[in-house]
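> Coordinates for the following, if possible.
(4 chains)
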There are 2 protein chains.
Amino acid sequence: MRAWIGYRRMRLLLDLQLQRDLMSQSGLSEPDYDVLSNLSEAEGRKKRLSELAAHMRWSKSRLSHHLARMEQRGLVERHECPGDARGSMVVLTDEGWEAIVEAAPGHVASVRRHMIDLLTDDELDALADLSHRIVEHLSGQLPTS
Amino acid sequence: MRAWIGYRRMRLLLDLQLQRDLMSQSGLSEPDYDVLSNLSEAEGRKKRLSELAAHMRWSKSRLSHHLARMEQRGLVERHECPGDARGSMVVLTDEGWEAIVEAAPGHVASVRRHMIDLLTDDELDALADLSHRIVEHLSGQLPTS
DNA sequence: CTACGGTTGATGACATGTCAACAAACGGTC
DNA sequence: GACCGTTTGTTGACATGTCATCAACCGTAG
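Model (predicted):
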């Protein structure tokens, strides 16, 4: 029970803090950051919408809505998908690239300050292990979507 | 980094799973459950709105909106607050009490199944300790609100 | 070629959360 | 008692996420 209560409260406060740091430093929300980060690591800074959604474990609907908003801000673009007229390619714009490049160091520092630096090496190992186990467990029984 | 990535993914999947279990078993969302749970433990099954908000670390606005929705479903009621004509007392209705009593066992079982039972005693201790330390750290630098 | 079931992504309605502005009431001071 | 800064809770506008639905497109079977 201690572990559960602690986890809940940590999750609440940590998210709040990171969200605020990120927003104040770069004007990006965490979902924005995740999308940009994923795209920036992709081949050619672009990715098929459904692949992106699957990798992030977002619904296509959510991603589509979010991209619409990011598109309006000039961070990404939708291009036609060669070989599949249904699909769309999500492309990182130069502006989006700059945004993630500027935001990343601050975000990483923020994560270190509020989490990583507070834990011992043993604790980090334990956390990595246990979260990996839980993720494995849950991945097995998620909807195939 | 492993710890960070793992934590992120665990958080995403675990929330999804628990949310779905809870919703399908009892028709309550996690925020609903948290509100009801808090109220059910309170003196006389009622609590001042701002106290409730502070204890849950929700904004008063969020709580007010959420209560409006829960009130429409008959789970809670707003009463006048004796001694402070501004305030409002949030009161658990009988219906709300039944809802939380029925939902609790399933939710606890769900938490055990997807998290607690997957971890060793050492890991649970470690998680409790590290989350407590992070919460302490973050509590120190939160807005006074 | 045509038909058919499955996939892809967009969309509208709606639930939820954030933020800023507000009115009412409080409490201490003069 | 009138004043004034603070606290309380509500509200509206808006950002975000979910769900069901849809049209267009794919691939395959006949």
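> which residue is nearest the middle of chain A?
A:Asp34 (2.5 Å; Cα atoms, centre = their mean).
> name the element that one belongs to?
Assigned by DSSP states H and E, A:Asp34 belongs to helix A:30-40.
> can you tell if that helix touches DNA strand D?
Yes - Helix A:30-40 lies within reach of DNA strand D by Cβ under 7 Å from any atom of the strand, at A:Pro31, A:Asp32. Every residue, glycine included, has its C-beta placed from N, CA and C.
> which helices and strands sit right next to that helix?
Contact here means 3 or more Cβ pairs under 8 Å, 6 or more residues apart in numbering or on different chains; DSSP states H and E; on that basis helix A:30-40 packs against helix A:2-26, strand A:46-48, helix A:49-56, helix A:60-72, strand A:76-80, strand A:88-92, helix A:94-114.
> again, 6 Å this time
In terms of contacts (3 or more Cβ pairs under 6 Å, 6 or more residues apart in numbering or on different chains; DSSP states H and E), helix A:30-40 is packed against helix A:94-114.
> So what's the model's average confidence on the helix it packs on?
Here helix A:94-114 scores 95 as its mean pLDDT.
> So which residues make contact with stretch A:65-85?
For stretch A:65-85, the external contacting residues (Cβ atoms under 6 Å, 6 or more residues apart in numbering or on different chains) are A:Gly87, A:Ser88, A:Met89, A:Val90, A:Val91, A:Leu92, A:Thr93, A:Glu95, A:Gly96.
> Now do the phi/psi pair for the first one.
Okay, so that is A:Gly87. Backbone torsions for A:Gly87, taken as degrees, to the nearest 10, come to phi -70, psi 170.
> any idea how far the most far-flung residue of chain A relative to its centre is from A:Asn38?
Most distant residue from the mean C-alpha position of chain A: A:Met1, 28.9 Å away (Cα atoms, centre = their mean). Using Cβ to Cβ, to the nearest Å, A:Met1 is found at 36 Å from A:Asn38.
> cool, A:Arg57 as well?
Per Cβ to Cβ, A:Arg57 is found 11 Å from A:Asn38.
> With A:Ser110 instead?
Relative to A:Asn38, A:Ser110 is positioned 19 Å away (Cβ to Cβ).
> Tell me who's in contact with A:Leu138.
B:Leu13, B:Gln17.
> which element is it on?
Going by DSSP H and E, A:Leu138 is in helix A:121-139.
> Which positions within that helix qualify as buried?
With burial defined by 16 or more other Cβ atoms under 10 Å in any protein chain shown, the residues of helix A:121-139 counted as buried are A:123-124, A:126-135, A:137-138.
> got a list of contacts for stretch A:93-100?
By Cβ under 6 Å, 6+ apart, the surrounding residues in contact with stretch A:93-100 are A:Leu36, A:Ser40, A:Gly74, A:Leu75, A:Val76, A:Glu77.
> Check which residues of it are buried.
By 16+ other Cβ under 10 Å, the buried positions in stretch A:93-100 come out as A:Thr93, A:Gly96, A:Ala99, A:Ile100.
> Next one: the third one from DNA strand D, what distance?
This points to A:Ala99. A:Ala99 sits 14 Å away from DNA strand D when distances are taken as Cβ to the nearest atom of the strand, to the nearest Å.
> for the second one, same thing?
Computed with Cβ to the nearest atom of the strand, the distance linking A:Gly96 and DNA strand D is 15 Å.
> Disregarding flanking residues, what is the spatial nearest neighbour of that residue?
Spatially, and ignoring its direct neighbours in sequence, A:Gly96 is nearest to A:Leu75 (3.8 Å; Cβ to Cβ, 6 or more residues apart in numbering or on different chains).
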